[in-house]
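A.B. asks: here's a sequence, model it:
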Amino acid sequence: MSVRRRAAALAITSVLCGAAAPVAVAAPSPSPSAPDLPAGLYGTKDPTYDGVWRQSLAFLAQKVELVTPATQAVDWLVGQQCTSGAFASYRDAARPCDAKTVADTNATAAAVQAMVELGVHREVVDNGVSWLKSVQNKDGGWGYNPGSPSDANSTAVVTGALGRAGVPLADVTRADGKTPYSALQSFALPCGGEGGGAFAYQPDKDGKLEANADATAAAVIGAMGKGMATGNANAVKAPACHEGSGLTIEQSAQNGAYYLAKTLAGSGHLDLPPMPGAEESDPQPDFGNTADAVVALASSGHKDKAAGSVAYLKKHAQGWAKEGGPAATAQLVLAAHATGSDARDFGGVDLVRQLNATGPAPAATAVPSPPATAPSTPGDSSSDDEGLGIWWIIGVGLAFGAGIGFLLSGRRKNQQL
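C.D. replies: Numbering: from 1, shown residues only. Now for the predicted structure:
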């Protein structure tokens with residue numbers, strides 16, 4: 001998710017510096033200091049770039065642990081939505097949104113998914129879905145801000161949110177056949193070479209794709225039509241990289257899983273990319289993206305390949321999660337849930353208690369932690385754990401791009417995304 005956060009900062013910076021923007025935007029609301037943070041918001045750090053995102057991730061992590069957030073916290077998130085259905089990364093809700101409000105597809109998708117999983121405020125979901133559909137790019141994907149070029153991370157998180165909201169694939173299939181899946185596949189690297197099977201964030205200025213682990217983790221989940229809070233899935237077989245053209249979206253997702261498994265096999269963790277202009281130094285572990293990779297591997301049927309990374313996170317990520325606040329802690333909770341680990345005793349740390357402490361006291365808390373294989377309930381993100389996401393059902397027989405097909409899988413019988 002570090003790419004997502006960097007994209008937020010860059011998007012705002014481009015506006016502040018007067019760079020050409022795809023839509024009318026302006027600087028976000030003034031950053032509130034800790035004592036001035038709005039009631040209901042999770043975390044104590046500046047929410048300018050991640051207020052809605054961290055709130056939504058906190059809700060998703062609490063949901064899988066059967067924790068009901070306080071009404072005050074839910075109301076804060078609902079109040080962040082503009083009348084258009086969009087969310088900004090963060091805004092002063094005392095002022096209405098206008099043409100200068102910086103709309104954020106990632107924040108909107110995260111908030112939509114959080115409301116879906118909590119099973120409340122369906123109007124927020126519907127309005128958010130309507131806005132996301134309205135800003136879909138011609139290639140079938142989404143950029144960080146409406147009108148900006150599509151990227152793998154944004155396309156993946158929007159795809160997952162729409163899937164969880166039950167949007168029919170036909171609703172996001174353009175007249176030329178382009179879909180979110182074809183957009184995701186445009187970022188996929190072919191097998192062979194160091195980055196074989198991975199996804200890129202975006203093509204560089206020359207159109208070249210460069211492997212990006214963060215984008216790959218997001219794309220694997222999005223390509224399966226799943227959201228960020230995926231349930232515990234059993235391992236199926238060793239990851240393999242599928243070669244050739246005309247791959248199915250499932251094969252592209254499995255290629256991404258192959259890349260992640262290979263990358264994590266040595267140290268058990270991903271590394272932070274070097275900062276531009278920084279002196280060369282030893283790589284630093286990227287705990288957040290490692291947690292995302294764990295979720296991607298588990299949700300694509302390779303939980304066994306994530307075991308080493310889970311052990312690494314249990315041993316080394318505790319300080320990072322506590323310092324990082326609700327979003328960081330939520331990422332570890334989601335990784336624990338996806339692999340059947342106990343989030344209430346994750347390397348000796350009760351992540352659920354730690355997460356709950358970053359916001360208003362929950363309305364209700366399940367004790368002890370629900371079993372990793374607990375039966376799913378309506379709206380539960382684990383309801384499609386044994387399949388490849390309900391978008392697969394709709395996709396049977398459809399083709400997009402260069403003969404890309406879909407596989408029939410999933411437990412839901414209704415024709416939804």
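A.B. asks: quick one: the strands in the stretch 151-300 of the chain?
C.D. replies: Applying DSSP state E, counting those that start in this stretch to the stretch 151-300 of the chain gives strands spanning 270-271, 285-286.
A.B. asks: can you check the stretch 301-417 of the chain too?
C.D. replies: Under DSSP E, counting those that start in this stretch, the stretch 301-417 of the chain gives strands at 364-365.
A.B. asks: residue ranges in it under the pLDDT threshold?
C.D. replies: For the stretch 301-417 of the chain, the stretches with pLDDT under 70 are 368-417.
A.B. asks: okay, now the unreliable bits of the stretch 51-200 of the chain?
C.D. replies: Short version for the stretch 51-200 of the chain, where the test is pLDDT under 70: none.
A.B. asks: roughly how far apart are the residue nearest to Leu41 when sequence neighbours are not counted and Gly128?
C.D. replies: By the measure of C-beta to C-beta, 6 or more residues apart in numbering, the closest residue to Leu41 outside its immediate chain neighbours is Trp76, 5.6 Å from it. Where C-beta positions appear, they are placed from N, C-alpha and C, glycine not excepted. According to C-beta to C-beta, to the nearest Å, Trp76 stands 16 Å off from Gly128.
A.B. asks: neighbour-wise, which of these two wins?
C.D. replies: The residue with more neighbours, out of Trp76 and Gly128, is Gly128; 29 against 22, by other C-beta atoms under 10 Å.
A.B. asks: which of the helices or strands spans the nearest residue to the more buried one once chain neighbours are set aside?
C.D. replies: Leaving aside its sequence neighbours, Gly128 sits nearest to Val112 (C-beta to C-beta, 6+ apart; 4.0 Å). Assignment of secondary structure by DSSP states H and E places Val112 within helix 105-118.
A.B. asks: near the closest residue to Asp271 other than its chain neighbours, how many other residues are there?
C.D. replies: Counting by C-beta to C-beta, 6+ apart, Asp271 lies nearest to Pro283, which is 3.7 Å off, once chain neighbours are set aside. Neighbourhood size, Pro283 [other C-beta under 10 Å]: 13.
A.B. asks: and for the one 4 residues further on?
C.D. replies: By the criterion of other C-beta under 10 Å, Phe287 has 25 neighbours.
A.B. asks: please apply the same query to Gly340.
C.D. replies: Neighbour number of Gly340 under other C-beta under 10 Å is 16.
A.B. asks: out of the strands of the stretch 151-300 of the chain, nearest to Ala213?
C.D. replies: strand 270-271 (4.9 Å; C-beta to C-beta).
A.B. asks: doesn't Leu272 make contact with the residue nearest to Asp271?
C.D. replies: Yes. Between Pro283 and Leu272 there is a contact under C-beta atoms under 8 Å: 6.8 Å.
A.B. asks: quick one: name whatever helix or strand follows the helix holding Val112.
C.D. replies: helix 122-134.
A.B. asks: helices or strands up against that following helix?
C.D. replies: Here helix 122-134 touches helix 105-118, helix 152-165, going by 3 or more C-beta pairs under 8 Å, 6 or more residues apart in numbering; DSSP states H and E.
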